[in-house]
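Colleague: what follows is a protein structure lacking sequence information:
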């Protein structure tokens, strides 16, 4: 076949696998870091997969992308990057995380070498906890 490059040099990279994370949301609708920041070694697309839940209330998940001295936030406490049913895209006024349902968060983001990603979470109720059972970040 012609026109197909040798894909043997393509190797996805596991950037991060974090489990059993939790954060206390002491003030409602304020985003808190959860887990460790993730460093990006080269240009590409990262895929983030998260499974989690909240102790009560309605939880939201977002991220901060740090590029040099700038921080780009994808956070809003009334809009989640994903809803409880696992559909990607921004959904208005839909919970990502609820107390009795494990939610799945999936997103792909183009990144540059030396970027850093920090996952952040909040809840519309103070003094609740957000739990992430499993988070995997892969660079393509």
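Modeller: Yep, that arrived. Model, not experiment: these values are computed from the prediction.
Colleague: tell me where the model's unsure across this structure.
Modeller: Scanning the chain for pLDDT under 70 picks out 1-9, 75-104.
Colleague: could you rerun that using 90?
Modeller: The chain contains residues with pLDDT under 90 at 1-11, 29, 49-64, 71-109, 121-125, 128-133.
Colleague: wait, residue 24 sits on residue 127?
Modeller: Yes - if you go by Cβ atoms under 8 Å, residue 24 and residue 127 touch, sitting 7.4 Å apart. To be clear about C-beta, it is placed using only N, CA and C from the backbone, and glycine gets the same treatment.
Colleague: and residue 128, what does it touch?
Modeller: Counting by Cβ atoms under 8 Å, 6 or more residues apart in numbering, residue 128 makes contact with 24, 25, 54, 55, 56, 57, 59.
Colleague: so the residue positioned nearest the centre of the chain bridges to which residues?
Modeller: The centroid of the chain falls nearest to residue 119 when counting by Cα atoms, centre = their mean (4.9 Å). Note on residue 119: beta-bridge partners by DSSP bridges are residue 63.
Colleague: same deal with residue 16?
Modeller: In beta-bridge terms (that is, DSSP bridges), residue 16 pairs with residue 137.
Colleague: before we move on, what about residue 33?
Modeller: Under the criterion used (DSSP bridges), residue 33 bridges to residue 120.
Colleague: is it correct that it is in contact with residue 23?
Modeller: Yes - between residue 33 and residue 23 there is a contact under Cβ under 8 Å: 7.3 Å.
Colleague: those two: which is more packed in?
Modeller: Set residue 33 next to residue 23 and count neighbours by other Cβ atoms under 10 Å: residue 23 wins out with 21 against 12.
Colleague: for the more buried one, give me its contacts.
Modeller: 32, 33, 34, 121, 129, 130.
Colleague: between which two of those is the distance greatest?
Modeller: Pairwise distances across the contacts of residue 23 (Cβ to Cβ) peak at 14.0 Å, for the pair 33 and 129.
Colleague: on that earlier part again, write the PyMOL selection for whichever of the contacts of residue 128 are buried.
Modeller: The buried subset of the contacts of residue 128, as determined by 16 or more other Cβ atoms under 10 Å, is captured in PyMOL by this line:
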select buried, resi 25+54+55+57+59
